[in-house]
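Visitor: The amino acid sequence is not available; the structure is as follows:
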């Protein structure tokens with residue numbers, strides 16, 4: 001092979017190698033890494049402010065002692081109940097949800113008892129609670145426990161007098177919610193309340209006792 005031919009072959013080989021390197025560089029430059037969206041706090045369809053209404057069945061018991069006597073005095077009453085609720089949920093983890101809720105219920109569990117010819121009655125027409133809630137979410141459901149403060153107005157009536165007291169007690173319960181869509185949900189719930197004992201003066205007679213109630217209710221709500 002002549003020197004001229006050898007030089008031409010070397011130039012050709014160099015040109016081919018240089019073109020390959022440029023193509024590889026262009027290919028590498030064109031393949032940018034896929035954008036990785038940063039991991040954000042878990043978004044939850046359960047989180048946020050909500051309002052709703054509920055209806056159910058309530059029953060209660062007033063246990064007390066009538067003086068002078070003393071005579072055991074017990075009232076048992078039940079009624080349909082209904083009311084409104086509102087609250088705020090916080091998604092703490094992908095499965096754990098916590099929040100705070102307040103509700104007001106209107107009921108009529110009146111009862112009466114006759115002792116030695118004298119008629120005694122008790123009534124509590126409304127009841128409210130402010131509670132914390134916490135539980136687990138799974139699929140479209142939220143199972144929770146709840147507890148907090150309760151308030152009501154207890155009225156006792158005797159043969160010639162009556163007395164009412166606004167009582168603060170405690171509430172505890174639990175329930176299950178189910179999502180119908182991104183905003184509407186339904187629930188089933190049980191709430192127990194206890195308001196402790198107090199003294200009531202009905203003329204010359206004195207009653208010492210306290211009220212506790214049980215409520216089973218269904219509700220529907222809207223989450224914003």
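Guide: Received, thanks. Being a predicted model, the structure only gives us computed values, none of them experimental. Residues are numbered from 1 along each chain as shown.
Visitor: Can you pull the poorly scored residue ranges out of this structure?
Guide: Scanning the chain for pLDDT under 70 picks out 1-43, 70.
Visitor: again, only using 50
Guide: Counting by pLDDT under 50, the chain contains low-confidence ranges at 1-30, 33, 35-43.
Visitor: For the helix or strand hosting residue 207, enumerate the helices and strands it packs against.
Guide: Taking DSSP states H and E as the definition, residue 207 sits inside strand 205-223. When contacts are defined as 3 or more C-beta pairs under 8 Å, 6 or more residues apart in numbering; DSSP states H and E, strand 205-223 sits against strand 48-67, strand 71-91, strand 141-157, strand 184-202. (C-beta placed from N, C-alpha, C; glycine too.)
Visitor: Paired strands for that strand, with orientation please.
Guide: When pairing is defined by DSSP bridges, strand 205-223 lines up against strand 48-67 (antiparallel), strand 184-202 (antiparallel).
Visitor: re earlier: ok, which of the helices and strands packed on strand 205-223 comes nearest residue 116?
Guide: The stretch from the helices and strands packed on strand 205-223 with the least distance to residue 116 (C-beta to C-beta) is strand 71-91; that distance is 8.0 Å.
Visitor: Just want the angle from that closest one to strand 205-223.
Guide: Orientation note: strand 71-91 sits at an angle of 20 degrees relative to strand 205-223 (axes from the mean of the first three to the mean of the last three C-alpha atoms, to 10 degrees).
Visitor: list the buried ones in the helix or strand that strand 71-91 is followed by?
Guide: Going down the chain from strand 71-91, the next helix or strand is strand 96-106, by DSSP H and E. Residues 97, 99, 101, 103, 105 are the ones in strand 96-106 that count as buried (16 or more other C-beta atoms under 10 Å).
Visitor: can you pull the buried residues of the helix or strand just after strand 96-106?
Guide: Going down the chain from strand 96-106, the next helix or strand is strand 111-115, by DSSP H and E. Neighbour-count burial for strand 111-115 flags residue 111 (criterion: 16+ other C-beta under 10 Å).
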